[in-house]
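Enquirer: Predicted model and sequence follow; I will ask about them next.
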Amino acid sequence: MSASRIVIPFGRNELSFACPSGWNVLAVAEPAAGEKIEEPELACAAALAQPLDSESLRVLARAKRRVVVVVDDISRPTPVAQFIGPVLAELTVAGVPDEAIVILFAQGVHRAMTAEEAAVKLGPAIAVRHRWLNHDSLPGAHLVYLGKTRRKTEVWINRLVAEADLIVGLGAIEPHIIASFGGGVKLLVPGVAGRKTIAQNHALNTRPETFNNVGLDPAHNPMRADLEEAATMIKAPMFFVNAILRSDLTFARILAGDPSSVYRHGAAVVSQLYGATVPGPADVVLACSHPMNHDFRQSAKAVTNTVRALKKGGTLLCFAVCEQGLGDVTMREKPVRFGKKGMRLLARFLLPLVGRFRFGMQEDDHFITYFTLQTIKNYNVIFYAPTLPREFTEKMKFLEIHHDLDRALAAATAAAPQADVLVFPHGGVTYPVFPA
């Protein structure tokens, strides 16, 4: 397939540029359109009326006086405000007073949300009416130890969740680098878990055969099995409402009921929406972060989702929107001494040692480090990320980050002047599927 111009979404606008003459576009890997839900509140009410493998929420909530509603944080694009209303209405019908409900944002290791962000996530009226809190993963009396999983993960959980008599989870199911698909009880582990729990759970996939699980069968995912086991240590009954979003962030489906059933059904729908069939690995992948545009951590999902579409040694150009810049990614005080070539040489020696790294790293940074080293070792990744601070790009020399689109394109073209190319306009959620 020849293409004279390539057009991809970039934030609220588009990027349009001429396709280099030596590039042959094999496919534009778009997500499936999916049926659009026009009225999310009605769809949520219908899902609540026919829960999957669970009693209704209003039945579960009867006589409960410590109800925790766990909600994904602002780094996720889930428009919770558009479907939380019917959920809270069910609690009211069950006789649960407002003062018995607390809304807990599932930050994991992300930063705390502001009052303005809470109003966006929940809707202004609900953010005022209901008590809400940010989860904190750092050690303290707000965490409770529940024991160890069979894989030796120490399970520390937010005390509010551990002591609740009903847990209601609100989030989305989407492709995920470590967990195969996000959603389900991942909202609890890592969402409201302690930092040590998160680190140990994530570290289970710091192996060559499991470091990239996007879209793969969750049943064969050690990290997913571990977090689900950890969630069983929480004794309160659970009722989850998970949305499945289209690439334009409108709703494709809303599911409610038992967390495992919701996740299983939802993951099957997501795989149909976002698993894009491509003819085979390419020399070059162009991946836009849309719709995961919040910050660098989220925008980099365009790399994690699509890197399997590259031939070994291939070039991936990531168009990273990063609306909030680095977000919660910590900037090093001292610059890294090695550039891309040096880090590629070092990667083969560093990868087996990642679990022992210190160097001021947080425990939960180990998986990110492992994935980064694996990617640098095997591929050539280039970022076009105009919102990232130049100080960061100067300190992290092994990451090739450009603020100018023409320079980013020139670097990719120089690396692969003659190339078969795959384009992922919605790389933040789309992943490649190869013919059987």
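Expert: Perfect, I can see it now. Numbering: from 1, shown residues only.

Enquirer: which residues of this structure score low on pLDDT?
Expert: Within the chain, the ranges that satisfy pLDDT under 70 run 1-3, 355-365.

Enquirer: Report the central residue of this structure.
Expert: When the chain is reduced to its mean C-alpha position, the closest residue under CA atoms, centre = their mean turns out to be residue 176, at 5.5 Å.

Enquirer: Ignoring the adjacent residues along the chain, who's closest to residue 174?
Expert: In space, residue 174 comes closest to residue 182 once its chain neighbours are excluded; the distance is 4.9 Å by CB to CB, 6 or more residues apart in numbering. Any C-beta I mention is one placed from the backbone N, CA and C, and that applies to glycine too.

Enquirer: before we move on, what about residue 93?
Expert: Distance criterion CB to CB, 6+ apart; nearest residue to residue 93, sequence neighbours excluded, is residue 58 at 5.0 Å.

Enquirer: Let me see the ranges of the strands in the stretch 201-350 of the chain.
Expert: If DSSP state E, counting those that start in this stretch is used as the criterion, the strands of the stretch 201-350 of the chain fall at 238-245, 251-257, 275-277, 282-288, 310-319.

Enquirer: Turn those strands into JSON lines, columns for distance to residue 86 and mean neighbour count.
Expert: What follows is these, written out as JSON lines (distance: least, CB to CB, whole Å; neighbours: other CB atoms under 10 Å):
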{"stretch": "strand 238-245", "distance to residue 86": "9", "mean neighbour count": "26"}
{"stretch": "strand 251-257", "distance to residue 86": "9", "mean neighbour count": "24"}
{"stretch": "strand 275-277", "distance to residue 86": "30", "mean neighbour count": "17"}
{"stretch": "strand 282-288", "distance to residue 86": "33", "mean neighbour count": "28"}
{"stretch": "strand 310-319", "distance to residue 86": "37", "mean neighbour count": "21"}
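
Enquirer: Can you redo these as CSV, where the extra columns are distance to residue 6?
Expert: Listed next are these as CSV, based on distance: least, CB to CB, whole Å:
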stretch, distance to residue 6
strand 238-245, 25
strand 251-257, 26
strand 275-277, 16
strand 282-288, 7
strand 310-319, 10
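
Enquirer: quick one: which of these is nearest residue 386?
Expert: Across the strands of the stretch 201-350 of the chain, the minimum distance to residue 386, taken as CB to CB, is reached by strand 310-319, at 9.7 Å.

Enquirer: how far out from the middle of the chain is the closest one?
Expert: On the basis of CA atoms, centre = their mean, to the nearest Å, strand 310-319 sits 21 Å off its chain's mean C-alpha point.

Enquirer: Show me what it is packed up against.
Expert: strand 282-288, helix 301-306, strand 380-384, helix 405-415 (3 or more CB pairs under 8 Å, 6 or more residues apart in numbering; DSSP states H and E).

Enquirer: Any idea which of the ones you listed gets closest to residue 232?
Expert: Once the helices and strands packed on strand 310-319 are compared by CB to CB, helix 301-306 is nearest, at 27.6 Å.

Enquirer: For the closest one, which helices and strands make contact with it?
Expert: Helices and strands touching helix 301-306, as assessed by 3+ CB pairs under 8 Å, 6+ apart, comprise strand 282-288, strand 310-319, strand 419-424, strand 431-433.

Enquirer: how does the chain divide up, domain by domain?
Expert: The record's domain split for the chain, according to automatic domain parsing, is 5-29+278-433, 40-272.

Enquirer: and residue 248, backbone torsions?
Expert: For residue 248, the backbone dihedrals are phi -90, psi 10 (criterion: degrees, to the nearest 10).

Enquirer: how many other residues sit next to the closest residue to it other than its chain neighbours?
Expert: The shortest distance from residue 248 to any non-neighbouring residue, by CB to CB, 6+ apart, is to residue 291 (7.5 Å). The tally of other residues near residue 291 (other CB atoms under 10 Å) stands at 21.

Enquirer: and the gap between residue 291 and residue 299?
Expert: As judged by CB to CB, to the nearest Å, residue 291 and residue 299 stand 10 Å apart.

Enquirer: picking up where we left off before, ok, so what distance separates the residue nearest to residue 248 from residue 321?
Expert: Applying CB to CB to residue 291 and residue 321 gives a distance of 9 Å.

Enquirer: Indicate which one of the helices and strands packed on strand 310-319 is closest to residue 203.
Expert: Taking CB to CB, helix 301-306 is the member of the helices and strands packed on strand 310-319 nearest to residue 203, at 16.6 Å.
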